[in-house]
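# Compute the structure for the input listed below.
(chains A and B)
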Amino acid sequence: MVEANPLNSRERVLSDIRAALSDVSDASAPVQRGYARSHAGQDIAGLFASRVADYQATVVRATLAELPGAIAQALEGRRVIVPPGFPPEWLPDGDWPADEPPLTVAELDAADGVISTAAVAIAVTGTIVLDAGPGQGRRALTLLPDYHLCVVRAGQIAGDVPEALERLDPVRPLTFISGPSATSDIELDRVEGVHGPRTLHVIIVNDL
Amino acid sequence: MKGRDNVVWLGSPTFPEAARTALADTQLRHNLRKATGTIRDKRLRVTAELDDWEQLREAGASLKRETLRHLDQHLLRLEESVTAAGGTVHWAHDADEANRIVTELVLATGQREVVKVKSMATQEIALNEALAAAGIEAYETDLAELIVQLADDRPSHILVPAIHRNRTEIREIFLRDMQRFGRPAPGNLTDSPADLAEAARLHLREKFLRAKVAVSGANFAAADTGTVVVVESEGNGRMCLTLPETLITVMGIEKVLPAFSDLEVFLQLLPRSSTGERMNPYTSMWTGVTEGDGPQDFHLVLLDNGRTATLADTVGREALACIRCSACLNVCPVYERTGGHAYGSVYPGPIGAVLTPQLVGAEHAATLPFASTLCGACYDACPVKIDIPEILVHLRAQVVDAKRHRPSAELLAMKVAGRVLSSPRLLALGQRAGALGGRVLGRRGQIGRLPGPLHHWSASRDTPVPPQESTRAWWRRTR
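Numbers count the residues shown, from 1 in each chain, chains lettered A, B, ... in the order given. Below is the predicted model of the structure:
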């Protein structure tokens, strides 16, 4: 078998691009950035709550003092996986499964659910963004279990997509979650619940 | 000559022939009308929510055009960023080369199966067929792609490849074909979409859990950070991008964006234009590899396969701005009636009618630029403002130019018409002959079928009977 020299294809594609662009001057054409930085109004947390609820997710608002109670109530006895760095004082008493040492995919698949914090949230789109930081764990933790309870601090909620991206570090693996998994593949009608968690529960901590 | 990939399906009939068959399929027309109607309403609702939608379109359009103007520089920067983040970048001039690169990467892992995220690029290069030839099984994990794969069918829509199937047909496919690929469908499966989604979940679960290699496409890649983006709904993308040890991403060279921050425009434009949602359920972004999280071996294959040829056309290059939202398909009166298969390509609809002929050369898809009424609905819907009607007209001219040197009935007729119209005497003779012919052939003021080679014209339209007397004759008689 003849081994192709990868450099050749690279040079070929690049030189084909340059030849194709021979009519184009080096000067940059301005990008039109007349769009708004945000479409959110004043009540960002309220908008976030209503937009998440639009996706058939359950949304609860609580104060920090009410948070452990709200979490216990949401869990309804589920034994959820707790990622490293999740504040233990928020959890009901008990022995919670941890990801240390890392759980196998079979263990994750069999779990009741997972609880996590978030990195950023987006009000206008009702989106939670995870960046695998403390309290969130590696990406598989919030993917394989069928139930995901996410605690979002009100101060983490950005008004809209541009503001949210400014707050994110692209070096980290990022997952944007807008409601439970869904598909529009059957007659272009949205149905909730395919491969990702089929139940998404969000608690907004008003005073954090 | 091309032909090993799926840009044009070999042996497909021309668009007019395929459209005639499709139009006779009432089930297909019903399915398409229902699905495109649903999505059109949703798109209008969510785009109307943003009072700066036009400014966002303008931003998306100018960003894409500016990126294409310096495509080589952005690709080099992307290569540098991805490499620095621990990924490996490959360059593929055509489909064969991309397929060979991916096949060798899979074989090197020792694995004989891969899970796939929905990807137009890998559809385009016929990767599944190439992998199969090397003894590697590729499992599609997007629900619609799964339906197409199980039924040994072809995709008919960019976003929803199984849009031509309704729930009853999907149930039948699941019951009949799932067992050939793995876990069978539950025996008591109903045709409710929730039940069908559950069946797909169960069927694919075992494949996700054991997968060691995944193949994906990419919606965007940011050159400054090396971040690659996949936008999806079901979570099959997250499964493929997270659980396997090796991830191979095949991306058209036009998908690069200069900066991570440019995603602020496209993450607003794409979900609202494609599925008519404020945001799609899941978007994954990754930059090279992350220790302890996700695949530890990441390969990015940059694919040309006709894109640089498209870039060389100063009018047609605009088609490379496409972000594959498929809004143009959903609003197109032609697509809604013929469906996607009639276009004979993985890229159907208005964007396909301008992209396919450019990727393969207009002579290999000569009827596609004519598969449009030029009504302009696609241009209005396009989130990056691709002037599809303008490119269609431009490509029509190319198709006509290409056969100008060959004698044809049309060319002969035009030559004769030119002579007749420039001579008052010949025109008067012609008009008298036309009036006479009309009296012979006409029925209630219409001619159904014209004689001789003219029947091509009359096959799909009636011709009004020429008047008994022309205006010129009337003027001469009565002045």
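# State which helix of chain B is the longest.
In chain B, assigned by DSSP state H, the helix with the most residues is helix B:26-48.
# And for chain A?
For chain A, the longest helix by residue count, based on DSSP H, is helix A:6-20.
# Can you list the buried residues in the helix or strand hosting residue B:329?
Using DSSP states H and E, residue B:329 maps to helix B:327-331. Applying a neighbour-count criterion of 16 or more other C-beta atoms under 10 Å in any protein chain shown, the buried positions in helix B:327-331 are B:327, B:328, B:329, B:330, B:331. Where you see a C-beta, it was placed from the backbone N, CA and C, and this is true even at glycine.
# Redo those as CSV? Include distance to residue B:383.
Formatted as CSV, the buried residues of helix B:327-331 follow (distance: C-beta to C-beta, whole Å):
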residue, distance to residue B:383
B:327, 7
B:328, 10
B:329, 13
B:330, 12
B:331, 12
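# Residue B:207: which of these is nearest?
Ranked by distance to residue B:207 (C-beta to C-beta), these are led by residue B:329 at 29.2 Å.
# What is the neighbour count of the closest residue to the closest one other than its chain neighbours?
In space, and not counting its chain neighbours, residue B:329 is closest to residue B:349: 3.4 Å by C-beta to C-beta, 6 or more residues apart in numbering or on different chains. Residue B:349 has 30 neighbours, counted by other C-beta atoms under 10 Å in any protein chain shown.
# Tell me the spatial nearest neighbour of residue A:199, not counting adjacent residues.
Closest to residue A:199 by C-beta to C-beta, 6+ apart is residue A:147, at 4.7 Å.
# was I right about residue B:225 contacting residue A:169?
No. The criterion here is C-beta atoms under 8 Å, and residue B:225 misses it with residue A:169 at 9.3 Å.
# who touches the residue lying closest to residue B:344 once chain neighbours are set aside in this structure?
Excluding the flanking residues, the one nearest residue B:344 by C-beta to C-beta, 6+ apart is residue B:12, at 3.4 Å. The contact partners of residue B:12, by C-beta atoms under 8 Å, 6 or more residues apart in numbering or on different chains, come to B:18, B:344, B:345.
# in chain A, which spans are strands?
For chain A, applying DSSP state E gives strands covering A:58-62, A:80-81, A:113-117, A:120-122, A:127-130, A:147-153, A:157-158, A:174-177, A:182-183, A:191-192, A:199-205.
# Tell me which helix or strand in chain A has the weakest average pLDDT.
The least trusted helix or strand in chain A, going by mean pLDDT, DSSP states H and E, turns out to be strand A:191-192, with a mean of 85.
# who touches stretch A:15-27?
Stretch A:15-27 is contacted from outside by B:69-72, B:75, B:253, B:304, B:308-309, B:311-312, B:314, B:317, using C-beta under 8 Å, 6+ apart.
# filter those residues by proximity to chain A?
B:69-72, B:75, B:253, B:304, B:308-309, B:311-312, B:314, B:317 (C-beta under 8 Å from any C-beta of the partner chain).
# Mark which of those are buried, thanks.
B:69, B:70, B:71, B:72, B:75, B:253, B:304, B:308, B:309, B:311, B:312, B:317.
# possible to save the residues you listed as a markdown table with secondary structure?
Formatted as a markdown table, those follow (DSSP: H, G, I helix; E, B strand; the rest coil):
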| residue | secondary structure |
| --- | --- |
| B:69 | helix |
| B:70 | coil |
| B:71 | helix |
| B:72 | helix |
| B:75 | helix |
| B:253 | helix |
| B:304 | coil |
| B:308 | helix |
| B:309 | helix |
| B:311 | helix |
| B:312 | coil |
| B:317 | helix |
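# Which one of the residues in chain B is closest to chain A?
Relative to chain A, the nearest point of chain B is residue B:235 (2.8 Å; C-beta to the nearest C-beta).
# Nearest residue to that residue in space, please, no chain neighbours.
Setting aside the residues directly before and after it, residue B:235 is nearest to residue A:196 in space (C-beta to C-beta, 6+ apart), at 2.8 Å.
# List the contacts of the one you found.
Taking C-beta under 8 Å, 6+ apart as the criterion, residue A:196 is in contact with A:143, A:177, A:180, A:181, B:234, B:235, B:238, B:281, B:282.
# wait, doesn't the second one sit right on residue B:282?
Yes. Distance between residue A:177 and residue B:282: 6.2 Å, which falls inside the contact criterion (C-beta under 8 Å).
# what about those two, which has more around it?
In this view residue A:177 and residue B:282 are compared by other C-beta under 10 Å, and residue A:177 has more residues nearby, 30 against 26.
# burial count for the nearest residue to the more buried one once chain neighbours are set aside?
Spatial nearest neighbour of residue A:177, excluding adjacent residues (C-beta to C-beta, 6+ apart): residue A:128 at 4.7 Å. Residues lying near residue A:128 (other C-beta under 10 Å) number 29.
# Next: residue B:30.
11.
# Identify the residue spatially nearest to it, adjacent ones excluded.
Nearest residue to residue B:30, sequence neighbours excluded (C-beta to C-beta, 6+ apart): residue B:166, at 7.7 Å.
# list the contacts for the one you found?
With contact taken as C-beta under 8 Å, 6+ apart, residue B:166 is in contact with A:187, B:27, B:30, B:31, B:34.
# so how far is stretch B:252-260 from its chain's centroid?
Mean-position distance between stretch B:252-260 and its chain equals 19 Å (C-alpha atoms, centre = their mean, to the nearest Å).
# Do me a favour and average the pLDDT over that stretch.
For stretch B:252-260, mean pLDDT is 98.
# do the same with stretch A:30-37
The average pLDDT for stretch A:30-37 rounds to 92.
# end-to-end on it?
Taking C-alpha to C-alpha, to the nearest Å, stretch A:30-37 runs 18 Å from one end to the other.
# That one near chain B anywhere?
Yes. Under the criterion of C-beta under 8 Å from any C-beta, chain B is reached by stretch A:30-37 at A:30, A:31, A:32, A:33, A:34, A:35, A:36.
# Please parse chain B into its domains.
Split into domains by automatic domain parsing, chain B comes to B:15-303, B:409-478.
# Identify, out of the ones you listed, the most deeply packed stretch.
Neighbour counts (mean count of other C-beta atoms under 10 Å in any protein chain shown) averaged over each of those peak at domain B:15-303, with a mean of 21.
# distance between the ends of it?
Domain B:15-303 stretches 27 Å from its first residue to its last (C-alpha to C-alpha).
# With stretch B:269-284 instead?
Taking C-alpha to C-alpha as the measure, stretch B:269-284 stretches 17 Å from start to finish.
# what do you get for stretch B:362-371?
End-to-end distance of stretch B:362-371 (C-alpha to C-alpha): 13 Å.
# where does the stretch 101-250 of chain B come near chain A, residue by residue?
Taking C-beta under 8 Å from any C-beta as the contact definition, the stretch 101-250 of chain B meets chain A at B:141-144, B:147, B:160, B:162-163, B:166-167, B:170, B:193-194, B:196-198, B:200-201, B:204-205, B:208-209, B:222, B:225, B:227, B:233-236, B:238-239, B:242-243.
# I'd like the list of those that fall within helices, please.
Secondary structure from DSSP H places B:143-144, B:147, B:167, B:170, B:193-194, B:196-198, B:200-201, B:204-205, B:208-209, B:236, B:238-239, B:242 of those in helices.
# Which secondary structure element is home to residue B:22?
Assigned by DSSP H and E, residue B:22 falls in helix B:15-23.
# now swap in residue B:108 and tell me
helix B:95-109.
# Quick one: list the elements packing against that helix.
strand B:88-92, helix B:127-133, strand B:213-216, strand B:246-252, strand B:297-303 (3 or more C-beta pairs under 8 Å, 6 or more residues apart in numbering or on different chains; DSSP states H and E).
# returning to that earlier point: distance to residue A:11 for the buried ones among the ones next to chain A among the contacts of stretch A:15-27 - can I get that in JSON lines?
Conversion of those to JSON lines gives the following (distance: C-beta to C-beta, whole Å):
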{"residue": "B:69", "distance to residue A:11": "21"}
{"residue": "B:70", "distance to residue A:11": "18"}
{"residue": "B:71", "distance to residue A:11": "15"}
{"residue": "B:72", "distance to residue A:11": "11"}
{"residue": "B:75", "distance to residue A:11": "12"}
{"residue": "B:253", "distance to residue A:11": "14"}
{"residue": "B:304", "distance to residue A:11": "12"}
{"residue": "B:308", "distance to residue A:11": "12"}
{"residue": "B:309", "distance to residue A:11": "17"}
{"residue": "B:311", "distance to residue A:11": "17"}
{"residue": "B:312", "distance to residue A:11": "17"}
{"residue": "B:317", "distance to residue A:11": "21"}
